[in-house]
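In: Sequence first, predicted coordinates after that:
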Amino acid sequence: MDTTRGMIRVEVVSALSERTWSAELRLPEGATVAEALADPAVRAVFPAAATLPVGIHSRQCMPDQALRDGDRIELYRPLIIDAKNARRERAQSARIRR
């Protein structure tokens, strides 16, 4: 917990295929995900962070979601292929090979 009155501590994390990154931020109470993503520490590494899908503790959320002390904001990478379509393609390939 943060001892500074009126401030919360949140972590912003990202796990891209080539590297992982995290930053701890101190924000005013009532701050939103969008405000955290606009922080200079985040924008310096991820200028387009506001356009990426995000979640808090593994649950996708909207940018206007209010933050609580200790939240972990996760930046998700865009999907290259839909998982359902990938499975269908693998199943189709397996049928053709038989």
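Out: Nice, I can see it.
In: May I have the phi/psi pair for K84?
Out: Main-chain torsions, K84, degrees, to the nearest 10: phi -70, psi -40.
In: How many residues are close by it?
Out: For K84, the count of nearby residues is 8 (other CB atoms under 10 Å). Every residue, glycine included, has its C-beta placed from N, CA and C.
In: just H57 next, same as before
Out: Count around H57 with other CB under 10 Å applied: 10.
In: Contacts only, for it.
Out: Shown in contact with H57 (CB atoms under 8 Å, 6 or more residues apart in numbering): D71, R72, E74.
In: Throw together a PyMOL command that grabs the buried residues out of those residues.
Out: To isolate the buried ones among the contacts of H57 in PyMOL, judged by 16 or more other CB atoms under 10 Å, type:
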select buried, resi 71+74
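In: Quickly note the distance from I80 to S93.
Out: Here the distance between I80 and S93 works out to 18 Å (CB to CB, to the nearest Å).
In: contacts for stretch 73-91?
Out: If you take CB under 8 Å, 6+ apart as the criterion, stretch 73-91 is touched by 10-17, 33, 36-37, 46, 49, 52-58, 60, 67.
In: what do you get for stretch 13-33?
Out: In contact with stretch 13-33 (CB under 8 Å, 6+ apart) are residues 2, 4, 6-12, 35-36, 39, 41-42, 45-46, 54, 56, 61-67, 72-75, 77.
In: Could you identify the buried members of those residues?
Out: For the contacts of stretch 13-33, a burial check counting by 16+ other CB under 10 Å picks out 8-10, 12, 35-36, 39, 42, 46, 54, 56, 61, 65, 67, 73-75.
In: So which of the contacts of stretch 73-91 are in helices?
Out: Residues of the contacts of stretch 73-91 located in helices (DSSP state H): V33, A36, L37.
In: Strands along this protein, start to end?
Out: In the chain, the segments counted as strands under DSSP state E are 7-15, 20-28, 54-56, 59-61, 72-75.
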